[in-house]
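Q: Model the following, please.
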Amino acid sequence: MTENPIGADSRPTFLVTGATSGIGEAIATQLGERGVRVVLGARTSERGQAAADRIRRQLPDADLRVVAADLSLMREVRALAYEVRDTTPRLDGLILNAAEARSGLVLTDEGIETNFATNHLAGFLLTHLLLHTIRASAPSRVVAVSSSIHARVKMVDLTSVATGAPLTPDSYQTSKLLNVLFVRELARRLEGTGITVNAADPGFVRTNLGRYATGGRRMLLTVTRAMQSTPERAAATPVYLATSDQVADVTGAYYANGEPRELTGLATNAKLARRLWAVSAQTLVSRGLATLNEMIAFGA
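A: Model (predicted):
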């Protein structure tokens, strides 16, 4: 069940995925402080409503609505997208924040590696399905939350994706590289449309993303907890990219601590970015999770 549809007035409206805790909730709160209408993407309605209640305790007049979907499942991504399309006449911004950090090979019941599905493919599909609404609201913005660990990835074999195999031994790390590649390719395809697309590095953040960590990684997260940034500080860069007039014309960029950062290595590989786009579309269409017409909405 959803709350009342958002009206078609001049107030900007943003959809934030993974908005029920950590960085996502902080992003939604900071947008609310700016008078923005926020659609909170949540795994469940209960978690979404709990986050909305926490935000309203700080901001009693916050204009919030909850939409629920498990973004590891493309059928639920589709349902969320159509709900947003049907109830939200304008969408000035899409902030792709939802993420998983699974260790080892964990497949969804659609046969897709979980980190790849949640951290990349969900945003890829959601952006396709919401393109008309985003384009109709232009100038508008898409922001993907990535991570500096993307730079550690030295090789990606995309041929394994369709079979459900992990991208690399550390598929979370690789999924953060895919976020950057997606941003750069999407920015290229949307050049001149009034839609900007950028990636945000939130830093080393104290969230529940490491809840599935085991062994050495869990120990590392524990001993470095005092060094980890707060979600509120981490949210500042994605909110800046989503709202600041100073970056209104910036697209295809990667920002950390509110400043542009130069990309290196695989993140600059335009051929790999185009290949990722093709493999992502093929994965969805071949599994009956998207139509060919939906996948060609952005052109070549």
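Q: tell me which element the closest residue to Thr237 other than its chain neighbours falls in.
A: In space, and not counting its chain neighbours, Thr237 is closest to Ala200: 4.5 Å by CB to CB, 6 or more residues apart in numbering. (C-beta placed from N, C-alpha, C; glycine too.) According to DSSP states H and E, Ala200 maps onto strand 195-201.
Q: So which residues make contact with that strand?
A: 134-135, 138-148, 179-180, 183, 186-187, 190, 237-238, 241, 247-257, 261 (CB atoms under 8 Å, 6 or more residues apart in numbering).
Q: The stretch 1-150 of the chain: strands as residue ranges?
A: Per DSSP state E, counting those that start in this stretch, the stretch 1-150 of the chain has strands spanning 13-16, 37-42, 64-68, 93-96, 140-145. These are given in chain order.
Q: okay if I get the ones you listed as JSON lines plus mean pLDDT and distance to Gln30?
A: Output for these, formatted as JSON lines (pLDDT from 0 to 100; distance: least, CB to CB, whole Å):
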{"stretch": "strand 13-16", "mean pLDDT": "98", "distance to Gln30": "10"}
{"stretch": "strand 37-42", "mean pLDDT": "98", "distance to Gln30": "10"}
{"stretch": "strand 64-68", "mean pLDDT": "98", "distance to Gln30": "13"}
{"stretch": "strand 93-96", "mean pLDDT": "98", "distance to Gln30": "11"}
{"stretch": "strand 140-145", "mean pLDDT": "98", "distance to Gln30": "13"}
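Q: Please convert the ones you listed to JSON lines, extending it with mean neighbour count and distance to Arg57.
A: Shown next, in JSON lines, are the strands of the stretch 1-150 of the chain (neighbours: other CB atoms under 10 Å; distance: least, CB to CB, whole Å):
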{"stretch": "strand 13-16", "mean neighbour count": "28", "distance to Arg57": "18"}
{"stretch": "strand 37-42", "mean neighbour count": "27", "distance to Arg57": "15"}
{"stretch": "strand 64-68", "mean neighbour count": "22", "distance to Arg57": "12"}
{"stretch": "strand 93-96", "mean neighbour count": "28", "distance to Arg57": "22"}
{"stretch": "strand 140-145", "mean neighbour count": "27", "distance to Arg57": "25"}
